[in-house]
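*Asks:* any chance you could fold what I've pasted below:
(one chain, ligands or ions: 2)
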Amino acid sequence: RASGGCQKIRGAQLLELLESKHDVLFDCDGVIWNGETAVAGAPEAVRALKQRGKRVFFVTNNCTRPRQSYVQKFARLGFADVNEQEIFSSAYCSAAYLRDVATLTGKVFAIGCPGVHTELRDAGIAVVEEEEDGPDVNISNCALDPDVRAVLVGYDEKFSFMKLAKACCYLRDSECLFLATDPDPWHPLRGGRITPGSGSLTAALETASSRKAMVIGKPSRFMFECISSQFDLDPESSLMVGDRLETDIVFGVNCGLSTVLTLTGVSTFEQAQVYKDSDEAEKKDFVPDYVVESIADFMEALEE
Ligand code: PLP
Ligand code: CA
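*Replies:* Ligands and ions are numbered 1, 2, ... in the order given. Predicted coordinates:
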């Protein structure tokens with residue numbers, strides 16, 4: 001890869017990179033926004049790329065919202081021109097996988113926020129209804145649905161021992177699929193706090209079931225395949241922009257895309273350099289080709 005990677009670029013060099021690409025894939029949190037605040041200059045950068053004829057896609061591991069709710073979030077944060085078809089979340093892609101690849105017959109037992117359940121239902125997939133267990137119900141007498149053929153784990157603020165117990169019972173059947181929306185370990189919150197990510201919940205179920213989940217979100221290739229199946233992307237002319245080396249940059253590398261790390265989110269330039277300087281060959285997959293301070297730099301470059 002060019003110069004071994006980790007090259008800080010802006011201005012004319014960044015313009016040259018953008019001109020060589022037709023499609024730009026943006027991670028959301030840490031790149032486009034941080035929580036409920038847009039990254040300064042991001043709406044303008046997205047608009048400018050579109051005005052120059054680029055196709056723009058959003059690939060997020062955040063499974064908590066259905067696509068339609070992302071459209072509203074984009075609009076609320078000042079992105080006037082983002083439509084549902086451009087948004088690929090790990091919840092939407094999990095549902096697409098179950099419908100189109102696994103061609104699931106039977107039900108899904110889903111651990112996850114309402115966004116996961118909504119996307120599954122929108123894809124026409126049968127989901128085990130979440131219901132409050134009565135006071136006499138416990139792990140040895142709770143009802144199990146005989147039609148379950150897949151377990152899907154995503155971020156779930158109502159995760160419980162009972163959900164974990166039921167999921168590992170379903171996974172006793174080796175024919176029952178085990179999927180994870182994403183492997184993210186944690187996410188930054190405001191004020192220096194963090195929240196545990198889907199990956200931590202999946203890890204609990206992996207231990208309990210002695211099985212490994214198949215990951216749908218970044219860094220797995222499936223999200224790119226999902227976009228490609230609808231929009232016919234060429235990896236050579238696509239760019240992945242992300243803030244987390246272990247998910248976004250590895251995703252780009254796995255899919256054969258050029259990669260850009262932005263410094264408005266989780267990973268730092270120093271961490272990227274540590275991977276670059278590592279003697280372990282597999283660490284090279286964590287090294288971005290390029291580094292920018294913010295995607296606001298795209299705007300500045302395009303105005304040159
Ligand atoms: N999942 C959850 C629950 C999150 O809160 C976040 C970020 O805030 C993510 C995943 C990561 O999203 P992204 O892939 O857009 O960075
Ligand atoms: Ca991110």
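
*Asks:* list the helices and strands the helix or strand where F58 lies packs on?
*Replies:* If you go by DSSP states H and E, F58 is part of strand 55-60. With contacts taken as 3 or more CB pairs under 8 Å, 6 or more residues apart in numbering; DSSP states H and E, strand 55-60 sits against strand 23-26, helix 42-51, strand 87-89, helix 222-231. In this view, the C-beta of every residue, glycine as well, is placed from N, C-alpha and C.

*Asks:* can you name the next helix or strand after that strand?
*Replies:* Taking DSSP H and E, what comes next after strand 55-60 is helix 67-76.

*Asks:* just the buried positions in that following helix, please.
*Replies:* Neighbour counts over helix 67-76 (16 or more other CB atoms under 10 Å) mark R67, Y70, V71, K73, F74 as buried.

*Asks:* ligand 2 contacts on the stretch 1-150 of the chain?
*Replies:* Residues of the stretch 1-150 of the chain lying near ligand 2 by CB under 5 Å from the ion: D27, D29, G30.

*Asks:* tell me how many other residues surround the closest residue to K8 other than its chain neighbours.
*Replies:* If you skip the residues right next to it in sequence, K8 has V291 as its closest partner in space, 4.9 Å away by CB to CB, 6 or more residues apart in numbering. Neighbours of V291 under the rule other CB atoms under 10 Å: 22.

*Asks:* what about V291, which SS state?
*Replies:* strand (DSSP: H, G, I helix; E, B strand; the rest coil).

*Asks:* what sits opposite it in the beta ladder?
*Replies:* K8, L261 (DSSP bridges).

*Asks:* check which helix or strand covers V108.
*Replies:* Per DSSP H and E: strand 107-111 holds V108.

*Asks:* before we move on, what about V274?
*Replies:* Applying DSSP H and E, one finds V274 within helix 269-277.

*Asks:* how about residues contacting that helix?
*Replies:* 4-6, 8, 245, 249, 261, 263, 283-284, 286-288, 291 (CB atoms under 8 Å, 6 or more residues apart in numbering).

*Asks:* in helices, which of those residues fall?
*Replies:* Members of the contacts of helix 269-277 lying in helices (criterion: DSSP state H): none.

*Asks:* just the closest of these to S90, please.
*Replies:* I249 (16.9 Å; CB to CB).

*Asks:* wait, isn't D285 in contact with C255?
*Replies:* No. With contact defined as CB atoms under 8 Å, D285 and C255 do not form a contacting pair (11.4 Å).

*Asks:* between the two, who's got more neighbours?
*Replies:* Each of D285 and C255 has its neighbours counted (other CB under 10 Å); C255 has more, 23 against 17.

*Asks:* secondary structure class for T259?
*Replies:* Recorded secondary structure, T259: strand (three-state DSSP).

*Asks:* check contacts around it.
*Replies:* L239, M240, V241, G242, D248, I249, G252, V253, P288, D289, Y290.

*Asks:* pLDDT at the nearest residue to the first one once chain neighbours are set aside, what is it?
*Replies:* Distance criterion CB to CB, 6+ apart; nearest residue to L239, sequence neighbours excluded, is K21 at 4.5 Å. The predicted local distance difference test score for K21 is 98.

*Asks:* what strand or helix carries K21?
*Replies:* Counting by DSSP H and E, K21 is found in no helix or strand.

*Asks:* wait, it touches K54, no?
*Replies:* Yes. The pair K21 / K54 is scored as a contact, 7.1 Å apart, by CB under 8 Å.

*Asks:* contact residues of the stretch 101-250 of the chain facing ligand 1?
*Replies:* Proximity of the stretch 101-250 of the chain to ligand 1 (CB under 6 Å from any ligand atom) is limited to residues Y155, D184, H187, G197.

*Asks:* strands - which of those residues land there?
*Replies:* H187 (DSSP state E).

*Asks:* weed out the non-buried ones from the residues of the stretch 101-250 of the chain next to ligand 1.
*Replies:* Y155, D184, H187, G197.
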